[in-house]
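Visitor: This is a predicted model, with the sequence first.
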Amino acid sequence: MSIKDKVIKRLASVKSIVTLTLTAVFAYLAVTGNIAQDFMTIYAVIIAFYFGTQSQKSSGDSSGEEG
């Protein structure tokens, strides 16, 4: 599998789609100045989860563990 195929597969995952969509909504709300505190909290939790799982996958791959 080529690197391009791996990137497309990773971007197509549900987790990535949700994260990218929320980031687009966040950017729109930031530009319009209508960000609610509840949305900020939910967005922060989702982004932390997304990057936390990416970090675990990276460290698991480098140490030879299966995840």
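Guide: Looks like it came in fine. Everything quoted here is computed from the prediction, not taken from an experiment.

Visitor: Model confidence score at residue 27, please.
Guide: According to the model's per-residue confidence, residue 27 sits at a pLDDT of 93.

Visitor: right, I mislabeled it, should have said residue 56
Guide: The predicted local distance difference test score for residue 56 is 68.

Visitor: For this structure, give me the ranges with low pLDDT.
Guide: By pLDDT under 70, the low-scoring segments of the chain are 12, 55-58, 60-67.

Visitor: For it, which segments count as helices?
Guide: 3-11, 14-32, 37-63 (DSSP state H).

Visitor: Contacts for the second one next, please.
Guide: So the one you mean is helix 14-32. For helix 14-32, contacts defined as Cβ atoms under 8 Å, 6 or more residues apart in numbering pick out 10-11, 35, 39, 43, 46-47, 50, 53. To be clear about C-beta, it is placed using only N, CA and C from the backbone, and glycine gets the same treatment.

Visitor: can I get the CA coordinates of that helix in CSV?
Guide: Below are the C-alpha coordinates for helix 14-32, written out as CSV (Å, rounded to 0.1, in the frame of the first residue of the first chain):
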residue,chain,number,x,y,z
VAL,A,14,-15.0,8.5,10.9
LYS,A,15,-12.9,10.0,13.7
SER,A,16,-11.0,12.2,11.2
ILE,A,17,-14.2,13.3,9.5
VAL,A,18,-15.8,14.3,12.8
THR,A,19,-12.7,16.2,13.9
LEU,A,20,-12.3,18.0,10.5
THR,A,21,-16.0,19.0,10.5
LEU,A,22,-15.9,20.3,14.1
THR,A,23,-12.8,22.2,13.3
ALA,A,24,-14.5,23.9,10.3
VAL,A,25,-17.5,24.8,12.5
PHE,A,26,-15.1,26.1,15.2
ALA,A,27,-13.4,28.3,12.6
TYR,A,28,-16.7,29.6,11.3
LEU,A,29,-17.9,30.4,14.8
ALA,A,30,-14.6,32.1,15.7
VAL,A,31,-14.8,34.3,12.6
THR,A,32,-18.4,35.3,13.3
